[in-house]
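1. I need the structure of the sequence given here:
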Amino acid sequence: MTDTKKIKHKITTRHSGGEVPKRVYRSLIRQTVLTTLRNEGADLLCVVNVLITDDEGIRKFNKKYRGIDEATDVLSFPMQTFTKPGWGGLSAVELDEDSGELPLGDIIISTESVKKHARKYKKTMEQETTYMMIHSTLHLLGYDHENARNEREMFSKKDLIMKEMGYFD
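-> Numbers count the residues shown, from 1 in each chain. Next comes the predicted model:
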């Protein structure tokens, strides 16, 4: 069995629209995705791309891919298929032919919406960003909240990872 702590997953962040995020914010995003992957036991080198944008930027993606013409906090675009939620449910693995890496998916996050939610729920920007990134990464890993059982499982995982990262949500 592979030691998931030693796998150097590739988490890339880029920015488009709105305020340029500080290095510490990008670092928090990468650390959150890495912690979630490791918590799930991801034992193949995964690639996750994160686009940090504003409400206008995410609204365009939400309209194009979901048909919803409004801003949202975060969007997840999984690139793998899972027969059940979690790393153990990964079905047909589709590695990148050139690199041998597993493209897990893309995440788009709106810093504007995250700030609004942080104020609304009386959380710090860091807490809300961590929450959103765990949530999105779990979606990339096949979790959803389409029914009560799936939602409980997903939110239980989210709470566990939040605690592991030092937040008591």
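2. could you use CA atoms for every contact and neighbour count after this?
-> Will do.
3. and Thr111, how many neighbours does it have?
-> If you count neighbours by other CA atoms under 10 Å, Thr111 ends up with 24.
4. contacts only, for the closest residue to it other than its chain neighbours.
-> Leaving aside its sequence neighbours, Thr111 sits nearest to Asp54 (CA to CA, 6 or more residues apart in numbering; 5.7 Å). Taking CA atoms under 8 Å, 6 or more residues apart in numbering as the contact definition, Asp54 lies against 16-19, 109-113.
5. quick one: which of those residues is nearest to Val48?
-> Ile109 (13.0 Å; CA to CA).
6. so what touches the helix or strand containing that closest one?
-> Using DSSP states H and E, Ile109 falls within strand 102-110. Strand 102-110 is contacted by residues 44-55, 57-58, 72-80, 93-96, 136-137, 140-141 when judged by CA under 8 Å, 6+ apart.
7. give the next helix or strand downstream of that strand.
-> Next helix or strand after strand 102-110 toward the C-terminus (DSSP H and E): helix 111-120.
8. tell me which of the contacts of strand 102-110 fall in strands.
-> Here DSSP state E is the test, and those give 46-53, 74-78 as lying in strands.
9. my read: Gly18 touches Thr53, true?
-> Yes. With contact defined as CA atoms under 8 Å, Gly18 and Thr53 form a contacting pair (6.0 Å).
10. the two - which one has more neighbours?
-> Just comparing Gly18 and Thr53: by other CA under 10 Å the higher neighbour count belongs to Thr53, 25 against 15.
11. so for the strand or helix carrying Lys163, mean pLDDT?
-> If you go by DSSP H and E, Lys163 is part of helix 148-164. Mean per-residue pLDDT for helix 148-164: 92.
12. residue ranges with poor pLDDT in the protein?
-> Low-confidence segments of the chain (pLDDT under 70): 1-5, 169.
13. do that again at 90, thanks
-> Low-confidence segments of the chain (pLDDT under 90): 1-8, 17-24, 91-94, 97, 100, 145-151, 167-169.
14. turn the ones in strands among the contacts of strand 102-110 into TSV, including distance to Leu37.
-> Listed next are the ones in strands among the contacts of strand 102-110 as TSV, based on distance: CA to CA, whole Å:
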residue	distance to Leu37
Cys46	8
Val47	11
Val48	10
Asn49	14
Val50	14
Leu51	18
Ile52	20
Thr53	23
Val74	18
Leu75	18
Ser76	15
Phe77	16
Pro78	14
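15. quick check: the farthest pair among these?
-> Spatially, the most separated pair among the ones in strands among the contacts of strand 102-110 is Cys46 and Thr53, at 22.6 Å (CA to CA).
16. count of neighbours near Tyr167?
-> When neighbours are counted by other CA under 10 Å, Tyr167 registers 14.
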